[in-house]
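>>> Just the structure for this:
(one chain, ligands or ions: 2)
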Amino acid sequence: MSVKKIEHIINYKARDAFKPFHARTQRWAVLVCHRRAGKTISACVDILRAALSFKGKNGQFAYVSPYRSQAKSISWEYFKYYAGTTAKDTNESELMITLVNGSKIRLFGADNADAMRGLGFDGVYLDEYGDFKPSVWGNVIRPTLSDRQGWCVFGGTPKGKNGFWEIKQTALRIPKEWFYMELKASQSNLLPAGEIEAVKAQLTPDQYMQEYECSFEAALLGAFYGTEMNEAQSRIIDVAYDNNLPVHTAWDLGYRDDTACWFYQVIGNELHIIDFFAVSGENITNICSIVLNKRYRYGKHYLPHDARAKTLAAAGKSIIEQMAEHLGINSMEIVPDLSIQDGIQAVRKILPNCWFDRVKCEEGIEALRQYSRDYDQDKKAYRQTPKHNWCSHPADAFRMLAVAWRQEPVPKAPNREVALIVGDQNTATLEDVWADHNKYKRSRI
Ligand SMILES: Nc1ncnc2c1ncn2[C@@H]1O[C@H](COP(=O)(O)OP(=O)(O)O)[C@@H](O)[C@H]1O
Ligand SMILES: [Mg+2]
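Ligands and ions are numbered 1, 2, ... in the order given. Purely as a prediction, here's the structure:
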């Protein structure tokens, strides 16, 4: 049997800075590079080369952006251009290229990561990994690399000390298994002369440090709770469930998309945030089973005001009525309908009192850190309204928590027992006490 040799010269000249990346031997890689350094182009070509030189019959490769629309607008054209005549089939609706050797390259968005479930890949690139929802890697992407022993590259610019920062720490710790590359604009010489100065003049120092100098320390741009969450860092620890106290929950209910729920206990002035979950597209029965399976002793379940609206799907029953069937009607509460801005203020106010469980609340904490203002491309300024993305649901649920806490009955301090001592020898009778009491009352009239 003759083997047909494919020869295709990719019309790409690697920038010097990226040559070590293309020559890496490790299974895992991290690229922390400034804007416009060329990481997306390099990654697309890297995948294409791996797909074309794949030895087996049907290599499977994926490129994942935080949002599917981003993958389409940024890298889809790169793939088509560089694949050239080696593309046997180009499927625009699935964003999938089948190459002449049978290898497939498919584009995904982390916003719809479930589309990757059940698939297996030989190589994956995660672009702008700092914007990914943290659970996507462990729950969805990592398992797709197991049976084919696939490789993975995490690329992007920093987004504070989040999952991308943690991956960087792992890469630095285990260089045998991880390739690591960092490119700061002041050192890379990749931007045209004068561009750094021009950018510096237009960005805030934090913006410049994050986007061009690869700083994970810079304050997150446009984040609503940037300062408060930085200050909360020392209060993100192991927070145990105290089974002497009730656990309250606070919700954001997505009827078709995500539902998020926080679990917390109130101890004096402290809020112990002990657990969190977010699910997508689940029905009320399954969502309530998650709550019941946690086996906490529940106090109140705080729902947003629209949980009272009747739904057509459930034969005219509102969400609160449906949930009450599982969780008990007496424990359901509707949170007052404050404006988003007032809710955000309420969150800012309570964050200094919050202690978060580091492990169980990981995704919720990251959402609070990244919850940010929408960016107006035309005005080049942040709006006051929040950006809608995966962070919105956990952040909305946390607003419910903050507003609910204000109205929660503060447990009364137990009555102190005061000894009544009347007379020299403490020998007064009840009549003496009443007489004394009446005298006191009269004296006030
Ligand atoms: N190897 C290369 N050859 C030609 N142009 C490149 C190369 N790498 C980067 N560029 C140019 O730099 C721009 C930014 O590249 P991109 O990969 O989108 O950067 P990043 O993802 O790091 O922000 C591209 O639009 C392209 O014009
Ligand atoms: Mg890019």
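>>> And the helices in the stretch 101-250 of the chain?
135, 142-144, 163-173, 185-188, 195-202, 205-212, 226-232 (DSSP state H, counting those that start in this stretch).
>>> now for those helices, which one comes closest to residue 379?
Of all the helices of the stretch 101-250 of the chain, helix 195-202 sits nearest to residue 379, with 13.4 Å by CB to CB. (Glycine included, C-beta is placed from N, CA and C.)
>>> Show residues contacting the closest one.
The contact list for helix 195-202 (CB atoms under 8 Å, 6 or more residues apart in numbering) reads 185-186, 208, 212.
>>> Swap in 10 Å and give it another go.
Outside helix 195-202, the residues within contact range by CB atoms under 10 Å, 6 or more residues apart in numbering are 34-36, 185-186, 191-192, 207-208, 211-213, 380.
>>> are any of those residues buried, and which?
When these are checked for burial by 16 or more other CB atoms under 10 Å, the buried set is 34, 36, 185, 191, 207-208, 211-213.
>>> Determine which stretch of the helices of the stretch 101-250 of the chain is the most buried.
Most buried of those by mean neighbour count (mean count of other CB atoms under 10 Å) is helix 205-212; its value is a mean of 19.
>>> by how many degrees do that helix and helix 195-202 diverge?
With axes from the mean of the first three to the mean of the last three CA atoms, to 10 degrees applied, the angle from helix 205-212 to helix 195-202 works out at 150 degrees.
>>> Might you name the residue of the stretch 1-150 of the chain sitting closest to ligand 1?
Closest to ligand 1 within the stretch 1-150 of the chain is residue 38: 2.8 Å, counting by CB to the nearest ligand atom.
>>> who are the neighbours in contact with that residue?
By CB under 10 Å, 6+ apart, the neighbours of residue 38 are 14-15, 17-18, 31, 45, 183, 188, 190.
>>> Now do it, the pLDDT please.
The model reports residue 38 with a pLDDT of 95.
>>> Can you give me the distance of it to residue 296?
Noted for residue 38: a distance of 50 Å to residue 296, by CB to CB, to the nearest Å.
>>> ok so, going back, now distance to residue 85 and mean pLDDT too, for the helices of the stretch 101-250 of the chain, in TSV please.
Below are the helices of the stretch 101-250 of the chain laid out as TSV (distance: least, CB to CB, whole Å; pLDDT from 0 to 100):
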stretch	distance to residue 85	mean pLDDT
helix 135	40	88
helix 142-144	29	96
helix 163-173	36	94
helix 185-188	33	94
helix 195-202	35	92
helix 205-212	37	91
helix 226-232	49	90
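>>> Would you reformat those as a markdown table and include distance to ligand 1?
Output for the helices of the stretch 101-250 of the chain, formatted as a markdown table (distance: least, CB to the nearest ligand atom, whole Å):
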| stretch | distance to ligand 1 |
| --- | --- |
| helix 135 | 24 |
| helix 142-144 | 23 |
| helix 163-173 | 14 |
| helix 185-188 | 10 |
| helix 195-202 | 12 |
| helix 205-212 | 9 |
| helix 226-232 | 23 |
